[in-house]
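Colleague: sequence and predicted structure are below.
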Amino acid sequence: MGYLDTLIQQCLMAKTALPVQEYIFSTLDDLPKISKAIYIIEQVEGDINQTFNHFHAFKQQGTHACAKLNAPCTVMYVGSSTSGIKNRLKQHLGRGHKATYALHLNQWFQGQFKITIKQYEVENQVLQLIEDDLSDQLKPAFGKLGANNK
């Protein structure tokens, strides 16, 4: 099977894949061990333009590796993890190394947010396609939009 045939097959699997579990994040301690998942970080209340501007100002400081700026949106970030969601969320919460591309929320964000975690049992390439599709649909304020190679 050639590259394009494999990609088409993976796209078809991504279109029909459903999460095996879905969680609303409360604390890192309560989070079960999940290896493959997609997470969506959403602003719950407040002014999305102000949030966008605060992150832009934080990014301009140059003290931390920050996600890409897109445009104001209640969906702040869409991401995935294939090696354990807990560590990736720690980075976004601001408890990771400052050289890791993340939101580093505790450094600049004062509002409320919600993190939805969707656990999948699919190949890594299929998980990436699902993330790319969600990112394209939701248009998060921060982070890459769509496929890694865009």
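Modeller: Noted; the coordinates are in hand.
Colleague: you'd agree Phe52 is up against Val75?
Modeller: No. Assessed by CB atoms under 8 Å, Phe52 is found out of contact with Val75, at 11.9 Å. C-beta: built from backbone N, CA, C; applies to glycine.
Colleague: overlap in contacts, those two.
Modeller: Residues touching both Phe52 and Val75 (CB atoms under 8 Å, 6 or more residues apart in numbering) are Ala141.
Colleague: what residues are up against the residue lying closest to Leu93 once chain neighbours are set aside?
Modeller: Spatial nearest neighbour of Leu93, excluding adjacent residues (CB to CB, 6 or more residues apart in numbering): Leu105 at 5.5 Å. Each residue near Leu105 by CB under 8 Å, 6+ apart is listed here: His92, Leu93, Gly94, Phe113.
Colleague: apply 10 Å and report the result again.
Modeller: Taking CB atoms under 10 Å, 6 or more residues apart in numbering, we find Leu105 in contact with 41, 55, 58, 76-77, 89, 91-95, 111, 113.
Colleague: state the phi and psi torsions of it.
Modeller: phi -50, psi -40 (degrees, to the nearest 10).
Colleague: ok, it to Thr51 distance?
Modeller: For Leu105, the distance to Thr51 (CB to CB, to the nearest Å) stands at 10 Å.
Colleague: okay, Asn53 and Met76: tell me how far apart.
Modeller: As judged by CB to CB, Asn53 and Met76 stand 13 Å apart.
Colleague: the more surrounded of those two?
Modeller: Met76 (29 against 12; other CB atoms under 10 Å).
Colleague: if you rank the contacts of Leu105 by neighbours, which is first?
Modeller: Among these, Met76 has the most neighbours (other CB under 10 Å), with 29 neighbours.
Colleague: the residue positioned nearest the centre of the chain in helix, strand or coil?
Modeller: Nearest to the geometric centre of the chain sits Gly79, at 2.2 Å (CA atoms, centre = their mean). Secondary structure, DSSP: H, G, I helix; E, B strand; the rest coil: Gly79 is strand.
Colleague: so what pairs up with it in the strands?
Modeller: Gly79 forms beta bridges with Tyr39, as assigned by DSSP bridges.
Colleague: so it touches Leu138, yeah?
Modeller: No. Between Gly79 and Leu138 there is no contact under CB atoms under 10 Å: 11.5 Å.
Colleague: how far away is the residue nearest to the centre of the chain from Thr6?
Modeller: 24 Å.
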